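Asker: the sequence isn't on hand, but the structure is:
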């Protein structure tokens with residue numbers, strides 16, 4: 001398996017998203033299957049795949065999650081540094097891993113941003129706190 005993630009290790013909360021997300025996206029392509037019109041996932045689930053929504057944000061991308069703090073006149077940040085492990089298609093929102101607090105949050109809107117060393121370091125520090133030392137792909 002090819003690993004294009006820039007991280008040497010991931011926190012346990014993010015590892016819990018890998019298997020469901022990979023299996024959900026693995027059966028999306030239509031080429032090379034038993035049908036020229038339907039993907040394997042469409043045949044099994046009966047639901048049509050929406051490429052524009054499902055493949056818009058790559059798995060574990062660094063995003064700025066937009067938050068609506070309450071009250072709105074507070075000095076709380078409007079954008080939060082996050083990683084996006086999952087997209088909720090039915091509700092139209094995103095599940096995001098807050099890098100600062102190491103918690104999963106739900107948000108309506110995200111913007112993809114480039115990953116820098118300032119983002120990689122806290123993610124790897126959180127993974128070392130969870131006793132996850134290295135990613136291994138077989």
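Answerer: Structure's in. What do you need? Quick caveat, the model's predicted, so the values are computed rather than measured.

Asker: next, count neighbours for the closest residue to residue 15 other than its chain neighbours.
Answerer: Leaving aside its sequence neighbours, residue 15 sits nearest to residue 132 (C-beta to C-beta, 6 or more residues apart in numbering; 7.3 Å). The C-beta positions use only the backbone N, C-alpha and C, and glycine is treated the same way. Around residue 132 there are 17 other residues, counting by other C-beta atoms under 10 Å.

Asker: which ones are touching residue 132?
Answerer: By C-beta atoms under 8 Å, 6 or more residues apart in numbering, the residues touching residue 132 are 9, 10, 11, 12, 15.

Asker: how far off centre is the longest helix along the chain?
Answerer: Taking DSSP state H as the criterion, the chain has its longest helix at helix 12-26. Centre-to-centre, helix 12-26 and its host chain are 9 Å apart (C-alpha atoms, centre = their mean, to the nearest Å).

Asker: now what about it, what contacts it?
Answerer: Here helix 12-26 has contacts from 41, 54-55, 59-60, 83, 85-86, 95, 97, 102, 104, 127, 130, 132, using C-beta under 8 Å, 6+ apart.

Asker: the same query, at a cut-off of 7 Å, please.
Answerer: 54, 59, 60, 83, 85, 86, 97, 104, 130, 132 (C-beta atoms under 7 Å, 6 or more residues apart in numbering).

Asker: of the residues you listed, closest to residue 69?
Answerer: residue 104 (17.9 Å; C-beta to C-beta).

Asker: give me the number of residues near that closest one?
Answerer: So residue 104, with other C-beta under 10 Å, has 16 neighbours.
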